[in-house]
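# Predicted model and sequence below, questions to follow.
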Amino acid sequence: QVQLVESGGGLVQPGGSLRLSCAASGTIFIIYGMGWFRQAPGKEREFVAAISWSGGSTYYADSVKGRFTISRDNAKTTVYLQMNSLKPEDTAVYYCNMYRGMSSWVNKSPDYWGQGTQVTVSS
């Protein structure tokens, strides 16, 4: 069993920054990648960013490119999401996730999910 625990959400003004963290624990044999999705009120959950665990290749949704940066610490089995220049439309619950194999990675269909952390961008 794998547990993903997010932290770092909160309330921030437009233009501000937040850094989300997600620590993985449990029985982990292989990690293909980790990443983040988000879900705003009344909307479907959407892909935000992902990072491959071995090579560190990164992928971003167009809506966050140039503002968000995903990174990882392999030794701590932790993934981070640095969010800058935040906008009200970034308000959502942000979910950490893990990809255990190539199929899930290619399809950006994670195998494990965290409980989510609320990010609210408002003045």
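Received it, and whenever you're ready, just let me know what you need.
# mind showing which ranges of the chain have poor pLDDT?
Flagging of the chain using pLDDT under 70 yields an empty set of residue ranges.
# OK, contacts around the residue positioned nearest the centre of it?
Centroid-nearest residue in the chain: residue 36, 2.1 Å away (criterion: C-alpha atoms, centre = their mean). Neighbour list for residue 36: 20, 22, 48, 49, 50, 70, 79, 81, 94, 95, 96, 97 [criterion: C-beta atoms under 8 Å, 6 or more residues apart in numbering]. Where C-beta positions appear, they are placed from N, C-alpha and C, glycine not excepted.
# Against residue 119, how distant is it?
According to C-beta to C-beta, to the nearest Å, residue 36 stands 10 Å off from residue 119.
# which neighbours do these two share?
20, 94.
# Dihedrals phi and psi, residue 19?
phi -120, psi 120 (degrees, to the nearest 10).
# That one contacts residue 84, correct?
No: counting by C-beta atoms under 8 Å, residue 19 sits too far from residue 84 to count as a contact (9.5 Å).
# where do the strands sit along the chain?
With strands called from DSSP state E, the chain shows them at 2-7, 10-12, 18-26, 33-39, 46-52, 58-60, 68-73, 78-83, 92-99, 112-113, 117-121.
# any chance of the ones you listed in TSV, plus distance to residue 106?
Shown next, in TSV, are the strands of the chain (distance: least, C-beta to C-beta, whole Å):
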stretch	distance to residue 106
strand 2-7	20
strand 10-12	33
strand 18-26	20
strand 33-39	10
strand 46-52	11
strand 58-60	11
strand 68-73	18
strand 78-83	19
strand 92-99	9
strand 112-113	17
strand 117-121	27
